[in-house]
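Engineer: after the sequence you'll find the predicted model.
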Amino acid sequence: MIEGNNLLATLHPSDLRLLEPHTALVTLESDDIIYEPGEMVRFAYFPRWSAVATYLVPLEEGVTVETAMVGNEGAVGGIVSEGRLPAYARCSVLHAGSFYKIGNAELERAKEASLRLRHIFARYADCVMARIIQSVACNATHTIEQRAAKWLTAAVERTGMQYIAMTQEQLASMMGIGRSYASRVLQRLKRDGLLRTRRGGIEVIDPERLAARSCGCNAMVGRHFETVLKGLYAE
């Protein structure tokens, strides 16, 4: 029985039966690379339960900036593309866990057999695009504190855990900011009793107050998910 992924859970039982024979269960660790830019994307990965993947864009300046975080609401890889196409961004594991792995060739055959399945994945692609568009607007207008609070809140929502195994340097790199900026923001949030830092990780003490310090971008994306694919987005 397939369970633990909201996108797969929305599928009609007959569509799930098309995928189940070609679905493997794999365990991936934090920082595992799913694919690098330019590599052919041959598999789709569906995070289960608390597993989280992230899209990262390496820049010429040597920094790597996150563009989207994907938990059990969705998938990474060849979900809507036709055939094996090269990856544009790096995809890696942010939070270790189990993933369903489906070959793109098998996925394409299932979509050819079911127009309903193809439409579901197209709707999911629309939601991913909405998330990326919102991220561009967020990075252009919101403060570093709002963005940090948004990112940490999203990580808590997707993993269901208040401890995030990530250093200040990693958080700064993913947000595309200097380490000193990230350090000052985290110190302010620590002083206000919202989180505490440990060696190699950040613990969120008060998720509700932290969410209140963030911008409204997570909520806006969540509302779009709810309209397009009800029940997918992490609560």
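Structural biologist: Received, thanks. These numbers come from a predicted model, not from an experiment. Numbers count the residues shown, from 1 in each chain.

Engineer: in the sheet, who's paired with the residue sitting nearest the centre point of the chain?
Structural biologist: Centroid check for the chain by Cα atoms, centre = their mean gives residue 70 as the closest residue, at 1.7 Å. When bridges are called by DSSP bridges, residue 70 pairs up with residue 53.

Engineer: need the contact list for it.
Structural biologist: Listed by Cβ atoms under 8 Å, 6 or more residues apart in numbering, the contact partners of residue 70 are 47, 52, 53, 54, 55, 76, 128. Yep, even glycine has a C-beta here, placed from its N, CA and C like the rest.

Engineer: helix or strand next in line after the longest helix seen in the chain, which one?
Structural biologist: In terms of residue count, the longest helix belonging to the chain (DSSP state H) is helix 115-141. Next along the chain after helix 115-141, taking DSSP states H and E as the criterion, comes helix 144-159.

Engineer: check which residues of the longest helix of the chain are buried.
Structural biologist: Judged by neighbour count using 16 or more other Cβ atoms under 10 Å, the buried positions of helix 115-141 are 117-118, 120-121, 123-124, 127-128, 130-131, 134-135, 138-139.

Engineer: max pairwise distance over those: which two?
Structural biologist: 117 and 139 (33.6 Å; Cβ to Cβ).

Engineer: quick revisit: dump the buried residues of helix 115-141 to CSV, plus pLDDT and distance to residue 161.
Structural biologist: Output for the buried residues of helix 115-141, formatted as CSV (pLDDT from 0 to 100; distance: Cβ to Cβ, whole Å):
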residue, pLDDT, distance to residue 161
117, 96, 32
118, 93, 34
120, 95, 28
121, 94, 28
123, 95, 28
124, 96, 24
127, 95, 23
128, 94, 23
130, 96, 26
131, 94, 21
134, 97, 24
135, 95, 23
138, 97, 23
139, 94, 25
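
Engineer: may I see the PyMOL selection of the buried members of the contacts of residue 70?
Structural biologist: Only the buried entries of these go into this PyMOL selection, using 16+ other Cβ under 10 Å:
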select buried, resi 47+52+53+54+55+76+128
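
Engineer: noted, bye for now.
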